[in-house]
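K.L.:
sharing a model prediction with you, sequence too.
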Amino acid sequence: MRNTFKIIYPLIVGMLVCIVQPVTLWSQDDIKDAGPALSASIDRNSARVGGIVELCLKYRLPEGARLPAEPKIKGIEGLTTVDRQIGPGLIRIRLLVDQLGPWKTGALALSYMDKEGKSQVLTTDPVSLKVTSSLGDRPAEAELKPIQGIIPTRPLWLKYLPWVAGLLGILLIVSVLFWWYKRRHKGKPPVIPQVPPHIRAKKEIKELDAQRLFEKEQAKRFYFRFSEILRRYLGSLRGFPAVELTTEEIARCIDREQDRGLLALLRQADLVKFADRVPTPARKEEDVKTALSYIQETSPVQETGHETDVSGGMGQ
């Protein structure tokens, strides 16, 4: 048996060398003669809502070409980017799965500079994955169990409902009579000036920043409040309930280019709120400046001394 192995082993090694060597030489020649190319893949076929997936872009540039310091990648504008890593021949982009339904990139494109300094583009087909629910593959058939069993009992307040209704009726009559008396003897109540939405939003952002929640390691609490102020201002400005919508639903409602910058701020806030990402202090300061600049650009009129007096009165 041992003699047989000694005879067969050199034959097997020789066959492997004959197979591997041509493949290796072919691969080297292929790489040397190949032109520019771009390919894309995702590290998994499916993911749940709230998960993070990695998009890999493999690229090959012509001789003398290079990527710019911040290469532009098209096709992922509608997706939430967590971070990216750029290396020789490979770009890794981590993306947040923040929507239930079809998850797909657009046609992917990577810009680069050729040896003459002219901008060129590599393109490849879009990639997609299946988004699954936390309730399993069939969420409609999932059985939700109650936290506590149903306890049959008769509400105690039904016994006192007539008394409560009578008391509320008396209080309502007294309130109406009191209001009529005040109106009759003191004239019309003073008119309280309505603070414009852009002045209120700027004031609330400055007050939030002055609380220094971010510096007190309460980044998530800061960005929850920061996102709410921006959503309420956007809703009053464009006429839709932005506070009640997700960031992706807001993206489908806006059609003005100047609102795209605010959309990036809302996605940044979502990463802090739901993905536990903590930005740097410099990034937080930049977000506040960008928000104030957006409010200034979308104000119906330029701020005047009169508007400053109104906002100042609110703070007193």
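P.N.:
Yep, that arrived.
K.L.:
am I right that P62 falls within a strand?
P.N.:
No. P62: not assigned to a strand; according to DSSP: H, G, I helix; E, B strand; the rest coil it is coil.
K.L.:
all helices for the stretch 1-150 of the chain, in order.
P.N.:
Secondary structure of the stretch 1-150 of the chain (DSSP state H, counting those that start in this stretch): helices at 2-33.
K.L.:
which phi and psi values does W163 adopt?
P.N.:
For W163, the backbone dihedrals are phi -70, psi -40 (criterion: degrees, to the nearest 10).
K.L.:
got a list of what it touches?
P.N.:
Contacts of W163 were listed using C-beta atoms under 8 Å, 6 or more residues apart in numbering, and none were found. The C-beta positions use only the backbone N, C-alpha and C, and glycine is treated the same way.
K.L.:
that one and L171: what is the separation?
P.N.:
Going from W163 to L171 by C-beta to C-beta, to the nearest Å gives 13 Å.
K.L.:
just A275 next, same as before
P.N.:
For A275, the distance to L171 equals 49 Å [C-beta to C-beta].
K.L.:
what of L161?
P.N.:
Taking C-beta to C-beta as the criterion, L161 is separated from L171 by 16 Å.
K.L.:
one step back: who has more neighbours, A275 and L171?
P.N.:
A direct count of neighbours by other C-beta atoms under 10 Å for A275 and L171 places A275 higher, at 15 against 10.
K.L.:
low-confidence stretches in the stretch 201-316 of the chain?
P.N.:
Low-confidence segments of the stretch 201-316 of the chain (pLDDT under 70): 301-316.
K.L.:
how about the helices in it?
P.N.:
Taking DSSP H, counting those that start in this stretch as the test, the helices found in the stretch 201-316 of the chain are 219-238, 247-253, 260-274, 281-297, 305-315.
K.L.:
so which of these comes closest to S119?
P.N.:
Across the helices of the stretch 201-316 of the chain, S119 has its closest neighbour in helix 260-274 (22.1 Å, C-beta to C-beta).
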